[in-house]
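Peer 1: no FASTA, just this:
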């Protein structure tokens, strides 16, 4: 019996799609009183689900199948030239430190600026309470990793779930005034390196949409695999030609 069959779920009401302008979206969400195990969570990740706060969810849009869950097979990953340059430069500039999953004032301040400038998130959706509920409430093994300069300046924070065979990149936010610093790229490279060190098989990067400029960076991590529920509910290679040709509907 699969986790979808063991737990209670509901379909959300339609809401504005955060990725494709002018479209509405729906999600299939696990009821908050359910208590999935870590292995349930891993199986759901393998079936295209994600976590936000206490909720596990997957896209369930009425007429769109654009969102593809993607993951990097760690053992086969080969960084490209620009990724190697970014890793070399930022590994010398930043120091990573894991912290308990808790509220840190400077983490929240950076988050509020990031989502305001990068995503124009309304004030109510970037409040302290919303930040805590969406990012700091977790029933699983979740790591908070901060990246600071030698002078102690906070540049980036990553929230990462640790599973039996994978890491899941829940969310990363960084200094929005430095959009070309490659912080997001470095965060993924850092997680891939950590997963490889721990002998884990995958790093899950969330959803990817062909043609979305804000998500295009994910297809640069090769090889990349995508879960295609509308196709055959299996993982398939996501290569640059496929990325360019994949329809949004």
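Peer 2: Everything's here; your move. Worth saying up front: this structure is predicted, and the values here are computed from it rather than measured.
Peer 1: Now do the contacts for residue 117.
Peer 2: Residue 117 sits next to 176-177 when contact means CB atoms under 8 Å, 6 or more residues apart in numbering. (C-beta placed from N, C-alpha, C; glycine too.)
Peer 1: now the helices: where do they sit in this structure?
Peer 2: Here the chain has its helices, by DSSP state H, at 3-6, 38-46, 81-93, 105-119, 128-131, 183-197, 240-245.
Peer 1: now those in a markdown table, with distance to residue 175?
Peer 2: As requested, the helices of the chain are exported to a markdown table (distance: least, CB to CB, whole Å):
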| stretch | distance to residue 175 |
| --- | --- |
| helix 3-6 | 37 |
| helix 38-46 | 29 |
| helix 81-93 | 12 |
| helix 105-119 | 7 |
| helix 128-131 | 17 |
| helix 183-197 | 7 |
| helix 240-245 | 28 |
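Peer 1: So for residue 138, which of these sits nearest?
Peer 2: Among the helices of the chain, helix 38-46 comes nearest to residue 138, with 10.3 Å by CB to CB.
Peer 1: Relative to its centre, which residue of this protein is most distant?
Peer 2: residue 151 (28.3 Å; CA atoms, centre = their mean).
Peer 1: Retrieve the pLDDT associated with that residue.
Peer 2: pLDDT for residue 151: 98.
Peer 1: Deepest-packed of the helices of the chain, please.
Peer 2: Highest mean neighbour count among these (mean count of other CB atoms under 10 Å): helix 183-197, with a mean of 20.
Peer 1: and the angle for that helix with helix 81-93?
Peer 2: Inter-element angle recorded for helix 183-197 and helix 81-93: 90 degrees (by axes from the mean of the first three to the mean of the last three CA atoms, to 10 degrees).
Peer 1: Give me the contacts around helix 183-197.
Peer 2: Contact with helix 183-197 is made by 72, 74-75, 77, 79, 82-83, 86-87, 90-91, 94, 96, 145, 147, 155-156, 158, 160, 166-167, 169, 172, 174-175, 201-203, 205, 217, 220-221, as judged by CB under 8 Å, 6+ apart.
Peer 1: now the residue farthest from the centre of the chain: how far from residue 145?
Peer 2: Separation of residue 151 from residue 145 (CB to CB, to the nearest Å): 19 Å.
Peer 1: Give the residue spans of this structure that score low on pLDDT.
Peer 2: Filtered on pLDDT under 70, the chain yields the residue ranges 1-5, 32-34, 230-231, 240-249.
Peer 1: distance between the ends of stretch 146-158?
Peer 2: Distance between the boundary residues of stretch 146-158 (CA to CA, to the nearest Å) amounts to 6 Å.
Peer 1: Just the buried positions in that stretch, please.
Peer 2: Neighbour-count burial for stretch 146-158, counted by 16 or more other CB atoms under 10 Å, picks out 146-148, 154-158.
Peer 1: got it, and stretch 6-14?
Peer 2: 7, 9.
Peer 1: quick one: terminal-to-terminal distance for that stretch?
Peer 2: Terminal-residue distance, stretch 6-14 (CA to CA): 25 Å.
Peer 1: What lies in contact with it?
Peer 2: Identification of contacts with stretch 6-14 by CB under 8 Å, 6+ apart yields 24-31, 33-34, 36, 40, 57, 60, 62.
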